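>>> Any chance you could fold what I've pasted below:
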Amino acid sequence: MKLFDKLFKKKKREEQKAQETQGLTLKEGAYHTPEERAAFVKNCCDIIHEARRQNLEAKKEYEVVTSYLADIQRIDMLPAQARHSVTESARRVVNLNLERQKMQKVPPKITIAQRNALEPYEDTILEEIRAMEESEEYLGKINSDLRQLESEKASLDYELEDIMSRDEKGRKLLAVATGFIIIFLIFLFIIQEVTKKNVQLSFILSILFGLIVIAYFYFSNRRNQYELKVAEVKKNKVILLLNKVKIKYVNCTNLLDYSYEKFHVTNARELHYHWQEYMRIVDEERRYKKMVDMIDVYLNEMVQTLKQNGVHDAGVWTYQPEALVDPKEMVEVRHRLNVRRQKLRQRIDYNNGQEEQARKSLRTFRERNREFDTETLLILAKNEIEP
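Numbering: from 1, shown residues only. Model (predicted):
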């Protein structure tokens, strides 16, 4: 019977370890107090709220990017005369821009694509830079937390293995000691029968020694079981925190990846450098007011023609007229928009998955803890999460 109990416990531990590897937050038998159950349910609610908030932001940006792509299709379908007018206006703008760049003493240190990425955010770029710096700093803290939690989890895994190893060794030593005492008692019995000597004192001492050994291993086993339970509770708390931090890591990484793609940079420091260079270029261009006025005339003509032909966000093309002249540039613009939209889809899908995983964990928790369902429903209602 003990052998079957050991096999069952070993199989159960392997299943729990597999669940932890897959990122599940449930661990059967670990929620002994109302505080632990409330913390688990609150954790799931926080995950759902965060996923919804992230998706709301992503869907708004997704609509903007989709609108840009729809405008590209409308431009491709412009009538010949309107297309010619738009192309000529854009070509004159591009040529004047090239002329203006030649007049500048110091050549720009950022590409046209990088400049185009900055211009629509001219009024809010400082906030964008600050947000990117805060996100990078936050990601660094998350990485530090992940390393610390992984270290704590590894330490607890080692502690659990050490406790189970000590318990197993204790059982083996108890079996050896018991066998030795039995053999010694048999040996004393044989001596008594053969030599007819009185070995009663030796019998009593042997039995007393055996009782002391059994008592020692009994209390040692009780201590090991207590330490094992404490270590498992600690490990479960670490796993809950680790799962929560991992979700923050993925969301923060996705947000930064999207921002880097949007501004064609690899970090906030590079974006800040691009912005400084952009401001230098703009300051120099202000000295060529006459040329700028001419550019504005052609841009207005281009925008009016686009608006008259159903292009919704016609103003955005004033920042990238090269795409209206060069088909390769238009392909590149479409590609960047598709990349941005794909990243937004991934972000939305990921957060949908996190919400579903949290709901699945709640369902499983409620099934395993039906006697606490009223308590769980109150927490869900308080956090405005439907069951």
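
>>> my guess is V245 meets Q148, correct?
No. Under the criterion of CB atoms under 8 Å, V245 is not in contact with Q148, lying 9.4 Å apart. Yep, even glycine has a C-beta here, placed from its N, CA and C like the rest.

>>> Which one's more surrounded, those two?
When neighbours are counted by other CB atoms under 10 Å, V245 and Q148 differ, and V245 comes out ahead with 19 against 14.

>>> I'd like to know which elements the helix or strand containing R347 is packed against.
In this assignment (DSSP states H and E), R347 forms part of helix 327-368. Helices and strands touching helix 327-368, by 3 or more CB pairs under 8 Å, 6 or more residues apart in numbering; DSSP states H and E, are helix 34-76, helix 200-263, helix 322-325, helix 373-382.

>>> ok, and what's touching the next helix or strand after the first one?
The one in question is helix 34-76. Downstream of helix 34-76, the first helix or strand assigned by DSSP H and E is helix 80-103. With contacts defined as CB atoms under 8 Å, 6 or more residues apart in numbering, helix 80-103 is touched by 75, 78, 107-108, 285, 288, 291-292, 294-295, 298-299, 301-302, 305-306, 308-309, 317-318, 321-322, 324-325.

>>> Distance from helix 80-103 to the middle of the chain?
45 Å (CA atoms, centre = their mean, to the nearest Å).

>>> could you give the angle of it to helix 327-368?
100 degrees (axes from the mean of the first three to the mean of the last three CA atoms, to 10 degrees).

>>> So for helix 80-103, what gets flagged as buried?
Buried residues in helix 80-103, counted by 16 or more other CB atoms under 10 Å: 83, 85-94, 96-97, 100.

>>> Extract the C-alpha set from that helix and format it as CSV.
The C-alpha trace of helix 80-103 is given here as CSV (Å, rounded to 0.1, in the frame of the first residue of the first chain):
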residue,chain,number,x,y,z
ALA,A,80,-6.2,59.5,-64.3
GLN,A,81,-6.6,63.3,-64.2
ALA,A,82,-6.7,63.4,-60.4
ARG,A,83,-3.8,60.9,-60.1
HIS,A,84,-1.8,63.1,-62.5
SER,A,85,-2.6,66.3,-60.4
VAL,A,86,-1.7,64.5,-57.1
THR,A,87,1.6,63.1,-58.6
GLU,A,88,2.7,66.4,-60.0
SER,A,89,2.0,68.3,-56.8
ALA,A,90,3.8,65.6,-54.8
ARG,A,91,6.7,65.6,-57.3
ARG,A,92,7.1,69.4,-56.9
VAL,A,93,7.0,69.0,-53.1
VAL,A,94,9.7,66.3,-53.3
ASN,A,95,11.9,68.4,-55.6
LEU,A,96,11.6,71.5,-53.4
ASN,A,97,12.4,69.4,-50.3
LEU,A,98,15.5,68.1,-52.0
GLU,A,99,16.5,71.6,-52.9
ARG,A,100,15.9,72.8,-49.4
GLN,A,101,18.1,70.0,-48.1
LYS,A,102,20.9,71.0,-50.4
MET,A,103,20.7,74.6,-49.1
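
>>> Just the angle for that helix relative to helix 34-76, thanks.
Using the same axes, to 10 degrees, helix 80-103 lies at 110 degrees relative to helix 34-76.

>>> Run the chain-centre distance for the following helix or strand past helix 80-103.
Beyond helix 80-103 in the direction of the C-terminus, DSSP H and E gives the next helix or strand as helix 112-118. Mean-position distance between helix 112-118 and its chain equals 30 Å (CA atoms, centre = their mean).

>>> so what secondary structure elements neighbour helix 112-118?
Checking 3+ CB pairs under 8 Å, 6+ apart, helix 112-118 ends up next to helix 200-263, helix 268-285.

>>> for the first one, packing partners?
Judged by 3+ CB pairs under 8 Å, 6+ apart, the packing partners of helix 200-263 are helix 34-76, helix 112-118, helix 125-195, helix 327-368.

>>> quick one, which of those helices is nearest to V213?
helix 125-195 (4.8 Å; CB to CB).

>>> now the closest one: mean pLDDT?
Taken as a whole, helix 125-195 has a mean pLDDT of 81.

>>> and that helix, what other elements does it pack with?
Using 3+ CB pairs under 8 Å, 6+ apart, helix 125-195 sits against helix 200-263, helix 268-285.

>>> Lowest average pLDDT across those?
helix 200-263 has the lowest average pLDDT among the helices and strands packed on helix 125-195, namely a mean of 81.

>>> Now do that one against helix 268-285, angle only.
Using the same axes, to 10 degrees, helix 200-263 lies at 10 degrees relative to helix 268-285.
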